[in-house]
Structure formats: structure tokens, C-alpha cells
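> just need the structure, nothing else, for what follows:
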Amino acid sequence: MNINNIENSINKKILERGYYYYMSGKIMGVRRLGDYEYIFQIEGNDDYEVEVKIDGDGEILDSSCDCPYDYGPICKHQVAAFFELSEVIDEDYDEDHHLSATRPTLSHVLETLSKNELINIIMEIAKKDEVLEERLIFNYSKADYVQEVKACKELIASIVDKYSGRDGFIPYGQVHPFASELGEVLEKATHSTDPLLSLDIAFLVLKEAIEAFQYADDSGGDIGLLVNETIGFIEKVFESNNHSKHDVKRELLDKLLQKSESKSFEGWEEFRISLLRAGVYFAENEDLRTRFKSKVESFISEDEGDRYYNESLLRILFDLINEYGTEAESEKFIKDHLRYTSFRELWIEHQMKVKNYQKVIELALEAEQQDSRYAGLVLKWKRVRYEAYKELSLKELQQTLAMELFMGGDFNFYKELKELNGQAEEVFYNDLKNQLKTGGGWHRTSLFLKLIKEENDLDELMEFVRNNPGYIEEYAEMLADAFKDEVIQVYKQFIRLEAGRSSNRKSYRDVCRKITNYTKLAGKEKQEELVTELSSIYYKRPAFLDELGQDSVMNLLEERKWSNTEYFGACASS
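As a prediction, the model looks like this:
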């Protein structure tokens, strides 16, 4: 990747965020380590350091950032640094070649102005941008706690007004800058030395970001990302204050617990759970742990429809017991909540560890009955039961369950069945194959095809394709060596059928794609024969002829020196 064309190599969304950081003046400093190595200080939720090493041609040899971003190789801070580095390199080039322009820089101009002149300029700009006015007051005023929070509310309101427009909705194209400006408000919280103020600012951002799901098109995920970043910051506030005085910790926890009751979380309970997890940092203190535990318990619902939500809350409580309770209390909690998947898994894992395989079987059978409405969970418990049978060498039960799982669609159990069966492998294979052939249903067909492919049964596969020509595309290459002529014929017949069904430009293009794949197998001559035939049959479909022409018809006409009139006239008369 070259510093001059990073746009071609970086995810578009990350590129936009990095450019926004670059243009917003987030780069606080640049330090050159050597001729081609630089360190950039970038302002974000924290201050981050980006190191970039390039060669003499501008190729980026190495790049790193100390931020926690782990969703890809390049973060927005690195992108901002790349844009800045490109400018630095240009400036260096100008200096080295005495090409620096006579036009003064903005910073140089501003340095020559008086304080009153600067104030007048800022006031004039701020009059035209309400958000800028609120941001300047919010970022630079020397206000008390109440005023800071009030200024934050006013800034957030101005940002919402700026982007939501008359209809109160933020379209997709405006969501990224909207979320970025809300993110700037959050950054003020990161610079506060007062954890209570930091928390209040973060809560205001979190509330608005969650509510924004209702009035913004977050198809790109910018608002969701901001919500997660804000919750992550709140968690960091609790982590960094783990050793603060008890009164401070209690006030922070009370704010968290009060905020967790907000109606903003209705329909977004996963965010409430993520927010609550921050309270675990203060659980070492028994008084705070009791308050925290009581609040978590209050959110647990009796409604079976809230199963996932309840389970997530119970996992928080279990983590507390596991950390601060006794082993007996942990076991009791698990057994009291076996109706939830994760707790049953924990208990099964324990029983497997102590080799109590009969108990594992009992737990799995109970779960199969309990979760009978959920096919995926039933499958999970059957696999658990199979492993217990295997440990106990109960081969008959193993074989019965393995066959059930296999017939249910899990082909992985074919190998197990082969090892367990008492017949000769060929006999077993043929019996199973015939059973699948006569069973019907799409999943049986899928298993049948996996089976004959696994055993490389080309005769059976060719027979299947004869009766189901729609599969020829998938298996043509596999069958070509043994049945080339027949495969070509089936492929040709399949394309004829598809051409007959086609009725619009999209389907015509799909037929042409099939012809291209057919050509790889059948050759150019047979392709031309097929195209000529289709053009003759469908000469009244100009769009189809046009698509066929883009493939090879026009080349064919040119080779034969026919005019379009002669060609289509010949097609019409044939």
C-alpha cells in the first residue's frame, strides 16, 4: 500500500472515519524518528500513538496504533496519520526543492491577528453554525458541574437538530457525521478528571445514541458502534476507579443502577446488560455487591419469552457467586438454573470432567425434552449424549443415535457409522445409499449427494444428474473425465431449458454465464453451435440476442462476414 493511494486499499468506512479525524484536527503532533519513520499523536477517546514506516517510494512498510481496535488491520487513527503523512511528505519535498509557495499558512495569518480580531472571526463563524457555537462553549468554558452537564445537553440537542431536518429523520448519508459529532461529545468525558461528570456526559451520549436508532438509518452501523464505544468508556470509568474511596464508588454505582432503569433500553436490553456488567468492578465490596446484585435480580422476568435476556442477567449473578461465594453456592446456583442452556452446559461439563457419564446422559435427555421446540438445542444435547455413550462404550446406543443424527442432516456422523457398523463397508454403503435415495426430502437428497461424493461413486452421481439436470453445473467438472460426452449433452439440454424459461435481461445474462461455463468443457465450436441455435429459436427476443451477442454471436458474425440483416434473416427462415 502506497501513502499516495491508500483509498484503494482500506475499508471505505474506516477510510471515512480516518479522514474525518484528519480534517477535524485530531492529530496533535508528528515526530520524525528517521528519514522514513514517523510517530503521530492522535486525539480520540484516549490519546493514541501511531507509528508509520515507509520507504523512499512512499510504500508503507509497517504501521501500528496502540488503540484497542481489533476488527481489522487498519484503524481510523492510522488512516488519519496516513493523510497527515502524505501532507508532511509534500511539505518536505517543497523544502528540499525550494518550491515552497509564497502563500502564507492559516496558522501564520492567525498568529498576526489581535485577540479582538480573533474573537470577531470566531463569533462571525459561530453565528452561521449553531453546533459550532455550542461546541465551543462546551469545550472551552470554565463551568461548574451543573453548567457542564447543561452545556452537554444543549450541544447534543443542537447536533440532533442539525442532522434530523424538518421530518425529524437522519438519512443514511448523514448518519456517519452525526455519530462522529456525538462521539466528540463523548471525548469531552474522557478528558474530565471528575469521574462523576465523565459518567453523566457518557450517559447523555448513550441515551441519545440508543434513541437515534428510532430516527436514523443506521444501515452502516455507525450508531451501534458509538453505543458500544460509550458503554466501553463507562466500563473503563468503573475499572479505573476500582480503588477510589467508598463514597465515590457508591455514587458511581448508584448512577449506573439508576441509568440502567431508563426506558431508552426498552427493546435494546442487550445494551442494558452490557451497561450493568460495568458494576462488577465494584463487587469486591460486600455492601456495593449487595446493591448491585439486588438491581440485577430486579430485571429478571418471569416471562419465558425473555429467556435469553434472563440468562444473560443470571450469568452476571453467577460470576459474582463464582468469584465471591463458595463452591457449594456455585453448584447450587447452576443446578437451580438448569433450564438455561449455558448453566446446563456448565453442569454437563463438570460431570464429564468427573467422568459421571450416566449423569451426563440423564442431563442431556432432560434437556432434549425441555428444549423440544428448539431443533438446534435438541441436536446439541443429542451430540452430548452420543459422547457419553462413546465414553461408556455403549456401541448399540451409539449406533442408533449416530444414525438418528446422520439422518437428521449431520453428515459428520457418517464416519462414526462406518466404524460402528458390523457389515462389510460396501454392503453398509449400498444399504445407506438406497435408504437415502428412496427417502425423499431436500435434506435426504443433500445427504445422498454428500455420501456418493464422499465415496467417489461417479456412476451414481451421473445417474442422479441425468434425472436432475439442474445439478450439472455443480458436478460437471467432477464427472467430465468419466462421462465427458454425456455431461456435455446434459449441460446443453440444461441450457436449452434455462433459455426457454428466461424472460428478462437478468435471466438472459444468467443463461450467457452458463454458456461461458459450458464452453470451458465443450469447447468453442460447440459453444458457437449452441449460440446459433438459441439465436435462431429466440430471434424475437432482441434483449436476449443482445446478451448473446455480447458473449460470442457478434464475434461469430464478424468471423463469417455476415451482416446483422443476413444473420437474423437466416435465423428467421431456419
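> could you point out which element follows the helix or strand hosting Leu85?
Counting by DSSP states H and E, the element that carries Leu85 is helix 76-96. Counting by DSSP H and E, the next helix or strand C-terminal to helix 76-96 is helix 106-111.
> now do that next one: distance to the chain's middle.
Relative to its parent chain, helix 106-111 has a centroid offset of 44 Å by Cα atoms, centre = their mean, to the nearest Å.
> could you do stretch 325-344 as well?
The gap between the average C-alpha position of stretch 325-344 and the chain average comes to 32 Å, counting by Cα atoms, centre = their mean.
> contact partners of that stretch?
Residues from elsewhere that reach stretch 325-344, judged by Cβ atoms under 8 Å, 6 or more residues apart in numbering: 307, 310-311, 314-315, 317-318, 321-322, 346-347, 350, 363, 366-367, 370-371, 377, 380. All C-beta spots, glycine's among them, are computed from the backbone N, C-alpha and C.
> count the residues that sit near Asn285.
Here the neighbour count serves as a burial measure; for Asn285 (other Cβ atoms under 10 Å) it reads 15.
> tell me the contacts of it?
Taking Cβ under 8 Å, 6+ apart, we find Asn285 in contact with His246, Lys249.
> pLDDT score for it?
The predicted local distance difference test score for Asn285 is 92.
> how much space separates it from Glu329?
Computed with Cβ to Cβ, to the nearest Å, the distance linking Asn285 and Glu329 is 18 Å.
> ok, Gln493 next?
Note on Gln493: its distance to Glu329, by Cβ to Cβ, is 71 Å.
> where does the prediction get shaky in the stretch 101-250 of the chain?
Using pLDDT under 70 as the threshold, the predicted model of the stretch 101-250 of the chain has low-confidence ranges 101-106, 126-144.
> got it, and the chain?
Judged by pLDDT under 70, the chain has its weakly predicted residues at 70-71, 90-106, 126-144, 304, 439-440, 550-574.
> off-centre distance for the top helix by length along it?
If each helix of the chain is counted by residues according to DSSP state H, the longest one is helix 472-501. Mean-position distance between helix 472-501 and its chain equals 38 Å (Cα atoms, centre = their mean).
> so which bits of the helix or strand following that helix are buried?
Heading C-terminal from helix 472-501, the first helix or strand you meet, by DSSP H and E, is helix 505-522. Buried residues in helix 505-522, defined by neighbour count with 16 or more other Cβ atoms under 10 Å: Ser507, Tyr508, Arg509, Asp510, Val511, Cys512, Lys514, Ile515, Tyr518, Thr519, Leu521, Ala522.
> turn the residues you listed into JSON lines, including distance to Ser158.
Shown next, in JSON lines, are the buried residues of helix 505-522 (distance: Cβ to Cβ, whole Å):
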{"residue": "Ser507", "distance to Ser158": "52"}
{"residue": "Tyr508", "distance to Ser158": "53"}
{"residue": "Arg509", "distance to Ser158": "50"}
{"residue": "Asp510", "distance to Ser158": "51"}
{"residue": "Val511", "distance to Ser158": "56"}
{"residue": "Cys512", "distance to Ser158": "55"}
{"residue": "Lys514", "distance to Ser158": "57"}
{"residue": "Ile515", "distance to Ser158": "59"}
{"residue": "Tyr518", "distance to Ser158": "62"}
{"residue": "Thr519", "distance to Ser158": "62"}
{"residue": "Leu521", "distance to Ser158": "65"}
{"residue": "Ala522", "distance to Ser158": "67"}
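> which residues of this structure fall in strands?
Using DSSP state E, the strands found in the chain span residues 27-34, 37-43, 47-54, 60-65.
> skipping its backbone neighbours, what lies nearest Tyr19 in space?
Closest residue to Tyr19 apart from its sequence neighbours, by Cβ to Cβ, 6 or more residues apart in numbering: Phe83 at 6.2 Å.
> quick check, that neighbour in contact with Tyr20.
No. In this structure, Phe83 is not within contact of Tyr20 by Cβ atoms under 8 Å, at 10.3 Å.
> which residues do these two both contact?
In the contact map built from Cβ under 8 Å, 6+ apart, no residue is linked to both Phe83 and Tyr20.
> okay, domains of this structure per the record?
In the assignment given by automatic domain parsing, the structural domains of the chain cover 6-103, 488-573.
> just give me the neighbour total for Ile42.
Applying other Cβ under 10 Å, we find 26 other residues in the vicinity of Ile42.
> one step back: list the buried residues for the longest helix of the chain?
Of the residues in helix 472-501, those buried under the neighbour-count criterion (16+ other Cβ under 10 Å) are 472-473, 475-476, 478-480, 483, 487-488, 490-492, 494-496, 498-499.
> thinking again about what came up before, identify whichever of the domains of the chain lies nearest to Ser260.
For the domains of the chain, distance to Ser260 was read as Cβ to Cβ. The smallest value, 21.9 Å, belongs to domain 6-103.
> centre of the chain versus that closest one, how much separation?
Centroid separation for domain 6-103 versus its chain: 26 Å, with Cα atoms, centre = their mean.
> stretch 433-444 now?
Offset of stretch 433-444 from its chain centre (Cα atoms, centre = their mean): 36 Å.
> ok, stretch 418-438 next?
In terms of Cα atoms, centre = their mean, the centre of stretch 418-438 is set 42 Å apart from its chain centre.
> buried sites along that stretch?
Along stretch 418-438, the positions that meet the burial threshold by neighbour count (16+ other Cβ under 10 Å) are Leu420, Asn421, Tyr429, Leu432, Lys433, Leu436, Lys437.
> dump the residue contacts of the first one.
Right, Leu420. Residues in contact with Leu420, defined by Cβ under 8 Å, 6+ apart, are Lys395, Gln398, Gln399, Ala402.
> what number of residues lie near the residue nearest to Tyr19?
There are 18 residues near Phe83, going by other Cβ under 10 Å.
> do the one 4 residues further on as well
Neighbour count of Glu87, defined by other Cβ under 10 Å: 12.
> number the chain from 50, please
Right, with 50 as the first residue, what we last looked at is Glu136.
> look up phi and psi at Val403.
Listed backbone geometry of Val403 is phi -90, psi 10, with angles given as degrees, to the nearest 10.
> tally up the residues packed near it, please.
Val403 sits with 9 neighbouring residues when counted by other Cβ under 10 Å.
> that one and Ile397, how far apart?
11 Å.
> please apply the same query to Ala377.
Plainly put, Ala377 is 19 Å away from Ile397 if you go by Cβ to Cβ.
> which one of these two has more residues nearby?
Shown here are Ala377 and Ile397; by other Cβ under 10 Å, Ile397 has more neighbours (24 against 8).
> hmm, the more buried one is touching Val409, no?
Yes. Ile397 lies in contact with Val409 (Cβ under 8 Å); the separation is 5.6 Å.
> what sits in contact with each of those two?
Shared contacts of Ile397 and Val409, defined by Cβ under 8 Å, 6+ apart, comprise Val433.
> contacts only, for the closest residue to Gly273 other than its chain neighbours.
Ranked by Cβ to Cβ, 6+ apart and with sequence neighbours excluded, the top spatial neighbour of Gly273 is Asp267, at 6.1 Å. Listed by Cβ under 8 Å, 6+ apart, the contact partners of Asp267 are Val224, Ala261, Gly273.
> rewinding a little: pick out whichever of the contacts of Leu469 sits closest to Leu246.
Proximity of those to Leu246, judged by Cβ to Cβ, is greatest for Ala451, which lies at 61.8 Å.
> quick check, nearest of the buried residues of stretch 467-487 to Ile170?
Set against Ile170, the nearest of the buried residues of stretch 467-487 by Cβ to Cβ is Leu485 (80.0 Å).
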